[in-house]
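> Sharing a sequence plus its predicted fold:
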Amino acid sequence: MTFLPIVSRELAVAARRKATHWTRFLFALAGILISAWILAMLSGSFPQEAAKVLFGVMSGMMTLYCSLAGIRFTADCLSVERREGTLGLLFLTNLRGHDVILGKLVASSVDAFYGVLAIVPVLALPLLMGGVTFGEFGRMSLVAMDTLFFSLSAGMLISAIARSPQSAAWGTLLLLLAVAVGMPLLDSHFFHSSGTTGIGIPWGFILSPAFAFAAGFDTLYSRYPWHFWGALGSMQAMAWIWLALAAMILPRTWQDRPSGGAAEGLRSRVLNWLRGTGAGSVGFRRGLLDRNAYFWLSSRQRWRLWMPWLVLVLLACIWVWGWHEFKEDWLNPGIYFTTGIVLNLLFRIWFSAETCRQLAEDHHSGALELLLSTPLTVNEIITGQFLSLRRMFAWPLAVSFIVQLLLFRATLKEVDYGSERMAWICCWSGMLLMTAFDLVALFWVSLWRGVTSRHPNRAASNSVALVFLPSWGVVLMVTMMMVVGNSGGGDGWQTVMALWFLSGLITNSVLCVWAQTKLQQEFRSAAQRRFEPPKGLMELFTEK
Amino acid sequence: MFGGNAALQGLNLTVNQGDLFGFIGSNGAGKTTTLRILATFLSPSSGGAKIFGHDIVDDADAVRSVIGYMPDFFGVYKDMEVTEYLDFFAACHRIPGSQRDKAVSDVLELVGLGEKRGALIGALSRGMQQRLGLARVLVHDPQLLLLDEPASGLDPRARIELMAILQELQRMGKTIIISSHILSELQTLCNRVAIIEKGGLIYCGPVQGVQDQTAPGKSFRARVNGDIQIAVELLQADPRVGVVREENGVLKITLASPDLDGSVVAETLVRGGARLVSLEEDALGLEEVFMRLTRGETQ
């Protein structure tokens, strides 16, 4: 008998896939470009200093990527099989829970693993420049791999429980935030690090990738080596516990539950509560249906309307906590601007995900085919989706913009002189305007990706990448050229800012036209490509 | 065209109003593609089709309002109630709100789901979901139904009930094009059939006429008392008899011309001294005809 049969099969499949090789190449390329940009920015510094900054930024980015990899790669890998009814086929064979869990873990994470592996040699560049020791390099590589495993295992555990792609992604994010951010916050601010583990690590930090990352640098490692090894070991142990839990849970959750009975009644009651069964709710929904059938379809679950407000309240709580904790230190332009960035980034990603959700799900399930055989036109579908998004996001976005305008005003009150004031004005206006333009572009691109993609979460991440990456790529390249050519001068940031804004505008305009044309001309033909094999990475941009 | 392959080639079909038209072919023969083209879901790379005078490309909106299309595999919104689902599709078909309730109730009664109106779709059995799919197709009272394998995955009882509903719909004046792999049911259900293979038409016409495509004359089954070999030799010596073979003590005879009937067999055997016990016409089943036609016996 072959040991772990799914693992060997999935590795063979991954070896034949083009994406496996492209991912490695793109990760290495991105690593080189970002490193070159950082080095260009630090061209006036001593090589050792530059190497330290480069190493810190690159290893930090890598740890952050590894921390979130579970959401992208494993969160939906088992739940998708459960939705499609294929999970049961595996359990009808002699395979056991751990066979399936390890097999799916390998299958889903091979791209993520290869990506990190491709970055590691780039991380070694500062080693050649001096200022970074071989020990630091080795420890950071270990932190990245350990964090990746930790995050992917969290995704596996949630995937063994969840059903929908959205609940899988959000569940994984919440689990990771709970152990990596929530526990340290609880420990340091509510219990004041009263208890420690046997090796001196505050208990709340023991599962935090950020703590392992910080403990890996020579300055801390030379004094508290066990902090590093302890955090690394505990993350590794927790990852295995999560995998073991997933392996135990999965064989008990793959079967369909019998309909009827208490479980069905409870499910029915929850669904009724979520969509509202009162006369007012029913009448309101009927009104939506009369106005635009797709509008009704996309916004029939009223709980979705509450989510943006819930997130705004949560962010407000975090902000108030920061103010209470750090008093006047919290009230500075840096925090204001960071708040704006977080709000805008969150809403843009969420907006994209919501835009393509219904279409991607309907495309995947085959329901889109039924819709297109009715007199419902493509324009009505687009309008319905727009109305649904407007209903969900218009007021939360308006509140977010008003809050940002207030923060902008507060920034200007804090900085009342010359070039710095002008810099903040440019940054705030640029960010607010670009957010508005991005939302328009994301609407069109996400609609198109929703029709063409096989997975709602991937449709959203592809859309966000298409809208964001070109303008930021231009910024990277221009900054490097300016620094290398020494043509930036003191006001170089203005040129970079203008180019970022201009390239963003051009990119958004081109993407809007492209996506609109595709939607108008190829919506129907794209909707019936449900059973075609997935496209390669390069075909994504050249598909007809 | 799919890539470089032609999914359909020279397919020329006419379906009359009120027909219950069976569409038969192997997997990959082009049945689903044809139905998808008729449902305006795919545009033909060349050629065209008209449904009740409306061109499927130039007048697609009008076509969609007179057809009801049920794919072989269709997604349902499992978190919706049965009435919500039908109400939604009725709205997609632009039925005014004041008329939707009645339309939904009527089709639910027609397909026998009246008692399930408040049930969640996810809790329905496969057969009930298939009935719901049929109700969806009927909710806007279309003139033409395009049903792609509507009985696949159903148990015998559900299949029989579905076929009864289709016969009722035909009596109501609907035109129905149905593709299925269960040919014995199509044989009793349909008045006309088309057989396609590799995207091309092999036969189109009445169900009865399909047998003429495979055999030159009528076929019979006969039983005799005594030496069966003598009976075989008697029949083989008669030029009016085409093929004679013996299977498990039963003579299987095909006459040489379609103008001849069973009296030829009886006369030959009795005159030759054989003791004829029984003689019955052996009508070819649609399944056998299909197998012969698509295995190259007549191509």
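Perfect, I can see it now.
> Mind telling me what element residue A:355 is part of?
Assigned by DSSP states H and E, residue A:355 belongs to helix A:333-365.
> Identify all contacting residues around the helix or strand that comes right after that helix.
Next helix or strand after helix A:333-365 toward the C-terminus (DSSP H and E): helix A:367-372. Around helix A:367-372, the neighbours that count as contacts under CB atoms under 8 Å, 6 or more residues apart in numbering or on different chains are A:294, A:359, A:361-362, A:381, A:451, A:523-524, A:527-528, A:530, B:41, B:69, B:71, B:74-77, B:89, B:92, B:136. Glycine gets a C-beta too; all of them are placed from N, C-alpha and C.
> Now do the residue of the stretch 101-250 of chain B found nearest chain A: how many residues are near it, please.
Here the residue of the stretch 101-250 of chain B nearest chain A is residue B:123; by CB to the nearest CB that distance is 4.0 Å. When neighbours are defined as other CB atoms under 10 Å in any protein chain shown, residue B:123 has 19 of them.
> what's the closest non-adjacent residue to residue 104?
Just going to use chain A. Nearest non-adjacent residue to residue A:104, counting by CB to CB, 6 or more residues apart in numbering or on different chains: residue A:77, 4.9 Å away.
> Oops, wrong one, chain B.
Among residues not flanking residue B:104 along the chain, residue B:86 sits closest, at 4.5 Å (CB to CB, 6+ apart).
> Can you point out the buried residues in stretch A:285-302?
Within stretch A:285-302, the residues that count as buried by 16 or more other CB atoms under 10 Å in any protein chain shown are A:285, A:288-289, A:292-300.
> Also stretch B:111-126?
For stretch B:111-126, a neighbour-count test (16+ other CB under 10 Å) marks B:111-113, B:116, B:119-124 as buried.
> Give me the contacts around it.
Contact partners of stretch B:111-126, identified using CB under 8 Å, 6+ apart, comprise A:259-260, A:264, A:267-268, A:271, B:76-83, B:85, B:104-105, B:108, B:128-129, B:131-132, B:134-135, B:138, B:153-154, B:161, B:165.
> Closest residue of chain A to chain B?
Residue of chain A nearest chain B, by CB to the nearest CB: residue A:365 (3.0 Å).
> what's the burial count for that residue?
Neighbour count for residue A:365, taken as other CB under 10 Å: 19.
> residues touching it, list them.
Residues in contact with residue A:365, defined by CB under 8 Å, 6+ apart, are B:75-76.
> since we're on residue A:411, how many residues are nearby?
By the criterion of other CB under 10 Å, residue A:411 has 21 neighbours.
> helix or strand for it, which one?
Element membership for residue A:411, per DSSP H and E: helix A:378-414.
> Quick one: low-confidence residue ranges for the chain.
Just so you know, I chose chain A. Across chain A, the ranges flagged by pLDDT under 70 are A:1-4, A:189-201, A:255-265, A:267-268, A:275, A:277-278, A:480-491, A:530-544.
> nope, chain B please
Counting by pLDDT under 70, chain B shows low-confidence ranges at B:1-5, B:211-216, B:283-288, B:292-299.
> redo that, cut-off 50
Applying pLDDT under 50 to chain B picks out residues B:296-299.
> can I see the domain layout of it?
Following automatic domain parsing, chain B resolves into domains at B:20-206, B:215-283.
> gap between the two ends of the first one?
Using CA to CA, to the nearest Å, the end-to-end distance of domain B:20-206 comes out at 11 Å.
> Need the domains of chain B in CSV (columns: distance to residue A:477).
Output for the domains of chain B, formatted as CSV (distance: least, CB to CB, whole Å):
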stretch, distance to residue A:477
domain B:20-206, 42
domain B:215-283, 77
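> Can you tell me which of those is packed in deepest?
Most buried of the domains of chain B, by mean neighbour count (mean count of other CB atoms under 10 Å in any protein chain shown): domain B:20-206, with a mean of 19.
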